[in-house]
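Novice: Below are the sequence and a predicted model; questions follow.
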2 protein chains.
Amino acid sequence: MKVNVNKDGNLIVISGPSGVGKDTVCSKLLENNKDIFVSISATTRNKRKGEKEGVDYYFKTQEEFKDLISKNELLEYALVHEKYYYGTLKKPIMDKLKEGRDVLLIIDIQGALQIKKQFEQAIFIFILPPSLKELMKRLINRKTESKDEILNRFKSTYKEINAIYNYNYVVVNDEVLNCVKKIEAILLASKCRVDRIMDLELNTKEDEIHEMLIDL
Amino acid sequence: MKVNVNKDGNLIVISGPSGVGKDTVCSKLLENNKDIFVSISATTRNKRKGEKEGVDYYFKTQEEFKDLISKNELLEYALVHEKYYYGTLKKPIMDKLKEGRDVLLIIDIQGALQIKKQFEQAIFIFILPPSLKELMKRLINRKTESKDEILNRFKSTYKEINAIYNYNYVVVNDEVLNCVKKIEAILLASKCRVDRIMDLELNTKEDEIHEMLIDL
């Protein structure tokens, strides 16, 4: 008997409201799981000093980007501030998954919903704050945004939160290590799902067992 | 905002061919997770010396058992050797689940398939041996069964193995601790499933945020 299991990696899509601690959680996750590949975005914005092609971004011209769109070579994309395109190339992700590596994509809800249409078998995880008030406190304490910006974030979070029903899993970020442990459990459990079994080769013949019993 | 999550425990149904090491795996699982409750079977066979009602079994008369069947108070049952009934009472399990405790049920494939019809939300885990040959070796080394019995087990395992597609997860018992770790991951992941969210109370009012910003 041989169980042929799909050895492809999992595409892990993580979203959550601004300030929920996605980056802290994900960097801890990556620290514990060195083999997870982090997806790199494609963009049409200009390369900044020190940025490297294929490391920070895949830099594309508007023409190239529109070509990628028309050829359906993106898992998702958006035009930001009506100026620059940002998106996720399909090929590098599919290549890594085929190599058996898990791929992590930290992305907003709109992007995640686009991905779900093309790649439903991805694992969609939404990170929630312990409370919305707690989230606002974190944003306020960060002191990187104006009052208006914070208020806008509150409104959009409030609106977006119902999108969680499109995700597979919800993890409350009460404590970073706890949150990472849950994500790791989700990844390990996914590898045990019965739909990853591609084939059961029941190639042990009764004769072989007879032989084993004779040897007894 | 308040996320109301279903706090009910999970019903964990574990099956696997004879000799795969279910008991060793489950006792290690229970050692690590003291709050898991192990389901107790009901039976019509006679109480043996030292056995206690509600600890080893719930002992029932034939009449009582048939009454349980007709009232649909069993999750599954079987008549063994055309003589004694064995089955799983619904009520004690539902009570424990409501208390938030996970309940473990180690059961054969026929029993698991019956449970699935009545309680589809249970977590069905099938434990596989690394290979069928390996399984036969284990059975032979146990020296508790005759050659004919072993050969019959091989034939029935061979036949039953395709039932795994009715399960949610498949765990290969290559190494006990590894196997337990995977089952624990499955349980933790299940607690994060989005379908456990019953209600999202977005009860933080914009006014409250305004107040927080004034305090800034």
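Specialist: Received, thanks. Bear in mind the structure is a predicted one, so any value in this text is a computation, not a measurement.
Novice: Sketch out the low-pLDDT regions of chain A for me.
Specialist: Across chain A, the ranges flagged by pLDDT under 70 are A:1-3, A:200-216.
Novice: how does it divide into domains?
Specialist: Domain assignment for chain A by automatic domain parsing gives A:1-36+A:105-216, A:38-101.
Novice: quick one: terminal-to-terminal distance for the last one?
Specialist: Just to be clear, that refers to domain A:38-101. Counting by Cα to Cα, to the nearest Å, you get 10 Å between the two ends of domain A:38-101.
Novice: got it, and stretch A:137-151?
Specialist: Length of stretch A:137-151, first residue to last, Cα to Cα: 12 Å.
Novice: what's the answer for stretch A:25-44, then?
Specialist: With Cα to Cα as the measure, the ends of stretch A:25-44 fall 28 Å from one another.
Novice: quick one: buried residues of it?
Specialist: For stretch A:25-44, the neighbour count (16 or more other Cβ atoms under 10 Å in any protein chain shown) marks A:25-26, A:28-29, A:36-37, A:39-44 as buried. Quick note: C-beta positions are derived from backbone N, CA and C, even for glycine.
Novice: so which two of the residues you listed are the farthest from each other?
Specialist: The span of those, defined through Cβ to Cβ, is set by A:28 and A:44 at 31.7 Å.
Novice: Go through the domains of chain A and pick out the most buried.
Specialist: Mean neighbour count (mean count of other Cβ atoms under 10 Å in any protein chain shown) peaks for domain A:1-36+A:105-216 among the domains of chain A, with a mean of 17.
Novice: Quick one: closest of the domains of chain A to chain B.
Specialist: Comparing the domains of chain A by their distance to chain B (Cβ to the nearest Cβ), the top pick is domain A:1-36+A:105-216, with 3.5 Å.
Novice: centre of the chain versus that closest one, how much separation?
Specialist: Distance, stretch centre to chain centre, for domain A:1-36+A:105-216: 7 Å (Cα atoms, centre = their mean, to the nearest Å).
Novice: if we can go back for a sec, can you redo the domains of chain A as CSV with distance to chain B?
Specialist: Listed next are the domains of chain A as CSV, based on distance: least, Cβ to the nearest Cβ, whole Å:
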stretch, distance to chain B
domain A:1-36+A:105-216, 4
domain A:38-101, 17
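Novice: To residue B:80, which of those lies closest?
Specialist: Across those, the minimum distance to residue B:80, taken as Cβ to Cβ, is reached by domain A:1-36+A:105-216, at 25.6 Å.
Novice: Residue A:97 contacts residue A:12, doesn't it?
Specialist: No. Under the criterion of Cβ atoms under 8 Å, residue A:97 is not in contact with residue A:12, lying 10.6 Å apart.
Novice: Quick check: neighbours shared by these two?
Specialist: Both residue A:97 and residue A:12 are in contact with residue A:103, where contact means Cβ atoms under 8 Å, 6 or more residues apart in numbering or on different chains.
Novice: Show the residue spans covered by the strands in chain A.
Specialist: A:2-5, A:11-15, A:37-38, A:41-43, A:58-59, A:74-80, A:84-89, A:103-106, A:123-128, A:169-172, A:197-201 (DSSP state E).
Novice: I'd like the distance from the fourth one to the chain centre, please.
Specialist: So the one you mean is strand A:41-43. Its chain's C-alpha centre and that of strand A:41-43 lie 15 Å apart, by Cα atoms, centre = their mean.
Novice: Determine the set of other helices and strands touching it.
Specialist: strand A:58-59, strand A:84-89 (3 or more Cβ pairs under 8 Å, 6 or more residues apart in numbering or on different chains; DSSP states H and E).
Novice: Give the other helices and strands that the first one contacts.
Specialist: Contact analysis of strand A:58-59 by 3+ Cβ pairs under 8 Å, 6+ apart lists strand A:41-43 as its packing neighbours.
Novice: Just checking: what are the partner strands of the strand it packs on?
Specialist: Next to strand A:41-43 in the sheet, as set by DSSP bridges, lie strand A:58-59 (parallel), strand A:84-89 (antiparallel).
Novice: contact partners of it?
Specialist: Contacts for strand A:41-43 (Cβ under 8 Å, 6+ apart): A:57-60, A:65, A:68, A:74, A:77, A:84-89.
Novice: Kindly report the same for stretch A:89-96.
Specialist: Residues from elsewhere that reach stretch A:89-96 (Cβ under 8 Å, 6+ apart): A:9, A:11, A:37, A:39-40, A:42, A:58, A:68, A:72-75, A:103, A:105, A:118.
Novice: and with 10 Å instead?
Specialist: Applying Cβ atoms under 10 Å, 6 or more residues apart in numbering or on different chains, the contact partners of stretch A:89-96 are A:8-9, A:11, A:35-42, A:54, A:58, A:60, A:68, A:71-77, A:101-103, A:105, A:115, A:118-119, A:122.
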